[in-house]
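Participant: Okay, here's the prediction I keep looking at, along with the sequence it came from:
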Amino acid sequence: MAKYILARSAGYCFGVERSVRIAQEALESGGCCCLGELIHNRDAVADLEKAGLRLIRSPGELPEGERVVIRAHGVGEDVYTRLLERRGEIIDATCPLVKRIHEIVRAEHEAGRRVVVIGDAEHPEVQGICGWCSGAEVFSDAASFSVWLDERPESCHEALSVVFQTTQIRSNLLEIEKLLKKRCTNSKIFDTICGATAKRQAEAISLSQKCDAMVVIGGAHSANSLHLAELCRENCATVAFVSRAQELDTSVLEGAGTIGITAGASVPPRIIKEVVKKMSDEIKIEESTAEDVAATVAEEAAPVVEAEPAAEEAAGKPDSEKTFDELLEDSIRTINNGDIVSGYVVSITATEVTVDLGTKHSGYIPVTEFTNDGELKVEDVVHVGDKIEASVVRVNDVEGTVMLSKKRLDSIKSWADVENAQADGTVVEGKVTEENKGGVVVNIKGIRVFVPASQTGLPRDAAMTELVGQTVRLKITEVNRGRKRVVGSIRAVANRERRERAEKIWSEIEVGKHYEGVVKSMTSYGAFVDIGGIDGMVHVSEISWSRINKPADVLNVGDKIDVYVISFDRENRKISLGHRNPDENPWKVFTETYSVGDIASVKIVKLMPFGAFAEVLPGTDGLIHISQIANRRIGQPSEVLAVGDVVEAKITNIDNEKQKISLSIRALSEPAPAPRREAEESAPADEPEEDALVYEVSSDGTATGDAPEEE
Ligand code: F3S
C-alpha cells in the first residue's frame with residue numbers, strides 16, 4: 001500500500017488564515033464588502049461570496065456607510081482615506097507582517113530616506129507598500145537594482161532603505177545585501193521576508209527528494225504555488241499540479257510508494273481534504289507522518305554525532321542563513337512541554353494571545369499566563385505582528401493546540417538574571433510590593449526578593465510602609481533557586497552610590513560652587529546640609545540676610561536649598577557652606593539704590609537717647625542723630641518720633657567701609673546748614689557732631705560700636 005505524507009506547512013499561512021477568519025466574523029456580524037479578492041484562491045473566495053461577502057474593485061464602489069474588509073495583501077494609505085470618505089467602516093485584515101512593512105516604509109520616508117522595494121511591481125502587496133511612502137523604487141532582483149545604480153551613480157550615496165515583498169526568496173536578500181555593501185554608502189536593509197514561504201518551499205523540496213510522486217495544490221494564477229511545483233519537479237519526476245480535487249488524475253500516481261502533498265498559502269483546508277479523499281478513494285494509500293520522513297532525512301544526511309551540534313548551530317542562525325534542510329527541520333519540528341518557542345502574534349482577545357508558531361499547531365497564551373504584573377495590560381505590551389517567545393505548557397495533538405506561557409519563560413530568564421546579578425554584583429531594579437514582619441519584598445522581573453529591615457536603608461524603627469510602591473535599586477546577596485529564596489540589600493547600593501557621589505564631589509569641589517542640598521539636621525548654630533553624598537554646615541549667620549536667632553526660624557529638615565561653598569578642608573572632610581544669596585546683600589542693594597543727598601522714606605525702628613534708628617530698606621538701618629531730628633533743639637527723640645513712624649529723611653552720609661548710613665530730617669526743612677564753626681561753637685562740648693558717624697551697623701543690620709553716650 002502506498003503512503004502519503006501531507007506537508008505540515010501545506011495550506012493557509014497564518015496571515016491568510018487570519019484574514020479569512022476576520023472576513024467570516026464580519027459576515028456573521030452583519031455582512032460586508034471586500035476590496036479585491038480577499039486571498040489568492042478562487043474557491044475560497046467563492047465560498048466567502050456564497051456566505052455574503054460582496055466584492056468591490058475600487059473604493060468608489062463601496063456603498064456609503066458600508067463595512068469593508070481590507071485583504072491580506074494590504075493597500076496603500078490613500079485607499080484608507082478614500083474608503084473613509086465613503087464613510088465606510090474599515091475591517092483591516094492586512095497580514096500583520098505586511099502591515100509591519102507599511103510602518104517601516106512610512107517611517108523611513110518620513111526620515112527623509114528613499115524606499116526601495118524588492119518584489120513584483122505588479123503585485124498588490126508591493127503596490128500597497130508603495131502607497132505608504134512616496135518616490136519608492138521597485139526592483140525584481142539585485143541585477144535590476146544594480147542597473148539602476150549604474151544609471152544613477154549619485155544614488156549610491158543617497159539614503160536608501162530596502163524592504164522585501166514578503167514572498168521574496170532568501171537568495172535575493174543575500175544578493176541585495178552584498179550589492180548594498182559593495183556600492184552604497186548610506187543604506188539600510190530590512191528583512192521583511194515571511195518565513196512561512198521559505199519553510200513551505202524547504203519542506204516541499206525535502207519531501208520531493210524523498211517521495212516518488214508529489215501532488216502540489218494551488219491556484220493556476222498563483223506565482224507562489226507554481227513556484228512550489230517547479231521546486232518539486234527539480235527533485236521528483238512525477239508532480240501533479242492541481243487547483244482542486246476534480247483536476248487530479250490519480251493514474252499518474254500509480255506505482256508510487258510514497259506520495260508527498262503540499263499546497264500554497266491560499267489553499268483552504270477543504271480543498272486539501274478533498275484531494276486526499278480522492279486519492280484514498282482511487283488508490284490505496286495510508287497516511288504517514290512528516291516526522292518519519294524527517295527522521296529518514298536526518299539518518300541519511302549526517303552521522304549521529306554531528307546531528308546535535310548542527311541542530312544547535314542552525315537554531316541560532318537567522319532564517320536567511322539556514323539551509324533548506326534546517327528550515328525543514330524548523331517547520332516540522334515537534335513541540336514538547338517545556339520547550340521554548342517563538343512565533344508571531346496573530347490576535348489578542350480579552351482572554352488570550354494567539355501565536356502562529358510556524359507549525360501545524362496553533363499556539364495560545366492565556367492572559368493569566370502572560371505576566372505576573374497584575375497592573376500590566378496585555379495589549380499595551382504586545383501587538384498583532386510582534387514576534388514573541390514563550391514556554392510550552394501543554395501540547396494537545398488532538399486539537400492541534402499548544403498552550404504557552406510567557407510568564408514562565410520570563411521567570412526562567414529572571415532566575416538566570418538574578419543569579420547572574422548575584423555573581424557579578426550587578427545592581428538590579430524593582431518595585432517594592434509589600435512589607436512584612438522582617439523587611440520588604442521587591443519584585444524583580446516576577447521574582448520575589450526579600451530585603452531585611454536592616455538592609456532597607458531606612459533608619460532603625462522607621463516605618464517601612466513608605467517604601468511600598470517605590471522603585472528601588474538593590475544588590476542581590478543570596479539566591480537559592482531550589483528554595484525559591486532570594487535576598488537583596490537596598491542599603492548596600494545606597495551606600496555604594498553615596499560613596500561614589502561623595503568621591504565625585506570631593507574631586508570637583510571649589511569655593512563658590514553651588515549645589516542643591518537637603519537639610520538633614522539643625523543645631524542652634526547652624527544647619528547640616530547634604531549636597532549629594534557629603535554633609536556641609538551652613539552657619540546661622542550664613543543662612544539669611546534677615547536677623548534670625550536660630551536656623552529653625554527659616555529652615556525645616558528635608559528642605560531643598562541652594563548652597564554654595566565658602567571653604568572646605570579636604571583632609572578633615574569638612575565643608576562650610578553659605579545659603580544667603582550674595583546678590584541680595586542688603587548693603588549692596590542699598591548702595592545700588594541710594595546715594596548721598598537722596599531722600600528716602602524711612603521707618604523708625606528704635607529710639608535711643610542720642611537719636612533714632614530708621615530702616616531705609618529691609619536689612620539696612622540708618623541713624624538720625626538727635627540733632628538731625630528737628631530744626632529746633634529737643635531733649636529726647638521720643639518728643640518728635642515714635643517707633644513705627646514713617647518719615648522722609650535725607651541721606652547725609654554713607655560709609656561703605658563701616659557700612660553706616662547717616663540720615664537727617666532737619667536737612668529737609670533747613671535749605672542751608674549753618675556754618676560749621678557756628679555749629680561747633682553752639683554745640684555742647686560732650687555732644688557728638690550732628691553729622692558725625694557715631695555708630696556701626698553690622699551686615700545683619702545691628703547697630704554696634706561707638707554709639708554716642710546719652711546726654
Ligand atoms: Fe502569509 Fe502574511 Fe506570510 S499572508 S505568507 S503570513 S506575509
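Facilitator: Nice, I can see it.

Participant: What is the burial count for residue 348?
Facilitator: By the other CB atoms under 10 Å criterion, the neighbourhood of residue 348 contains 18 residues. Where C-beta positions appear, they are placed from N, C-alpha and C, glycine not excepted.

Participant: For whatever residue of the stretch 551-700 of the chain ends up closest to the ligand, list each beta-bridge partner.
Facilitator: For the stretch 551-700 of the chain, the residue positioned closest to the ligand under CB to the nearest ligand atom is residue 560, at a distance of 55.9 Å. Partner residues in beta bridges with residue 560: residue 518, with DSSP bridges as the criterion.

Participant: and it, what does it touch?
Facilitator: With contact set as CB atoms under 8 Å, 6 or more residues apart in numbering, residue 560 has these partners: 516, 517, 518.

Participant: any idea how far residue 494 is from the first one?
Facilitator: Shown here: residue 516 relative to residue 494, a distance of 19 Å by CB to CB, to the nearest Å.

Participant: The two - which one has more neighbours?
Facilitator: Regarding residue 516 and residue 494, a neighbour count based on other CB under 10 Å identifies residue 494 as having more, with 18 against 11.

Participant: Excluding sequence neighbours, find me the nearest residue to the more buried one.
Facilitator: Counting by CB to CB, 6 or more residues apart in numbering, residue 457 is the residue found nearest to residue 494 once chain neighbours are left out, at 4.5 Å.

Participant: Now do the nearest residue to residue 112 once chain neighbours are set aside: how many residues are near it, please.
Facilitator: With sequence-adjacent residues excluded and distances taken as CB to CB, 6+ apart, residue 112 is closest to residue 159, at 6.5 Å. Neighbourhood size, residue 159 [other CB under 10 Å]: 15.

Participant: so who does the residue of the stretch 151-300 of the chain found nearest the ligand touch?
Facilitator: Of the stretch 151-300 of the chain, the residue with the smallest distance to the ligand, taken as CB to the nearest ligand atom, is residue 194 at 3.0 Å. The neighbours of residue 194, taking CB under 8 Å, 6+ apart as the test, are 13, 15, 95, 97, 166, 167.

Participant: related to what we said a few turns ago, tell me who's in contact with the residue nearest to residue 112.
Facilitator: Residues counted as contacts of residue 159 (CB under 8 Å, 6+ apart) are 111, 112, 113, 114, 186, 187, 188.

Participant: Can you read off the pLDDT for it?
Facilitator: The pLDDT attached to residue 159 in the predicted structure is 95.

Participant: Could you do the one 5 residues further on as well?
Facilitator: For residue 164, the model assigns a pLDDT of 93.

Participant: picking up where we left off before, SS state for the residue nearest to residue 494?
Facilitator: When the structure is split into helix, strand and coil by DSSP: H, G, I helix; E, B strand; the rest coil, residue 457 lands in coil.

Participant: Export only the CA atoms of stretch 380-390, formatted as PDB.
Facilitator: Extracted C-alpha coordinates of stretch 380-390, given in PDB (Å, rounded to 0.1, in the frame of the first residue of the first chain):
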ATOM      1  CA  ASP A 380      -0.100  47.700  25.900                       C
ATOM      2  CA  VAL A 381       3.000  45.500  25.700                       C
ATOM      3  CA  VAL A 382       2.300  43.300  22.700                       C
ATOM      4  CA  HIS A 383       0.700  43.900  19.300                       C
ATOM      5  CA  VAL A 384      -0.500  41.800  16.400                       C
ATOM      6  CA  GLY A 385       2.500  41.000  14.200                       C
ATOM      7  CA  ASP A 386       5.000  41.200  17.100                       C
ATOM      8  CA  LYS A 387       7.400  38.300  17.500                       C
ATOM      9  CA  ILE A 388       7.100  36.700  20.900                       C
ATOM     10  CA  GLU A 389       8.800  33.900  22.800                       C
ATOM     11  CA  ALA A 390       7.100  31.700  25.300                       C
END
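
Participant: quick one: average confidence on that stretch?
Facilitator: Throughout stretch 380-390, pLDDT has a mean value of 85.

Participant: Could you write me a PyMOL select line covering just the buried ones among the contacts of residue 194?
Facilitator: One line in PyMOL is enough to select the buried members of the contacts of residue 194, burial here meaning 16 or more other CB atoms under 10 Å:
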select buried, resi 13+15+95+97+166+167
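
Participant: so which of the contacts of residue 194 are also by the ligand?
Facilitator: Among the contacts of residue 194, the residues within reach of the ligand (CB under 6 Å from any ligand atom) are 13, 15, 95, 97, 166.

Participant: returning to that earlier point: if any of the contacts of residue 159 are buried, put those into a PyMOL selection.
Facilitator: The following PyMOL command selects only the buried members of the contacts of residue 159, with burial defined by 16+ other CB under 10 Å:
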select buried, resi 113+114+187+188
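
Participant: With pLDDT added, can I get the contacts of residue 159 in JSON lines?
Facilitator: As requested, the contacts of residue 159 are exported to JSON lines (pLDDT from 0 to 100):
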{"residue": "111", "pLDDT": "95"}
{"residue": "112", "pLDDT": "95"}
{"residue": "113", "pLDDT": "96"}
{"residue": "114", "pLDDT": "96"}
{"residue": "186", "pLDDT": "94"}
{"residue": "187", "pLDDT": "94"}
{"residue": "188", "pLDDT": "94"}
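
Participant: Just want to check the distance between the closest residue to the ligand within the stretch 351-500 of the chain and residue 265.
Facilitator: Evaluated by CB to the nearest ligand atom, the stretch 351-500 of the chain has residue 356 as its residue closest to the ligand, separated by 7.5 Å. When CB to CB is the yardstick, residue 356 and residue 265 sit 12 Å from each other.

Participant: Residue 203 too?
Facilitator: Taking CB to CB, one finds residue 203 at 13 Å from residue 265.

Participant: now residue 415
Facilitator: As it turns out, when the distance is counted by CB to CB, residue 415 lies 39 Å from residue 265.

Participant: Comparing these two, which shows the higher neighbour count?
Facilitator: Regarding residue 415 and residue 265, a neighbour count based on other CB under 10 Å identifies residue 265 as having more, with 29 against 17.

Participant: For that one, pull up the helix or strand it's in.
Facilitator: Taking DSSP states H and E as the criterion, residue 265 maps to no regular element, lying outside all helices and strands.

Participant: who are the neighbours in contact with it?
Facilitator: Taking CB under 8 Å, 6+ apart as the contact definition, residue 265 lies against 11, 12, 13, 15, 16, 40, 196, 197, 200, 224.

Participant: Make sure the second one is indeed in a strand.
Facilitator: No. Residue assignment for residue 12, taken from three-state DSSP, gives coil, which places it outside any strand.

Participant: Can you report phi and psi for it?
Facilitator: Taking degrees, to the nearest 10, you get phi -50, psi 130 for the backbone angles of residue 12.

Participant: contacting residues for it?
Facilitator: With CB under 8 Å, 6+ apart as the criterion, the residues that contact residue 12 are 20, 265, 266, 267, 268, 269.
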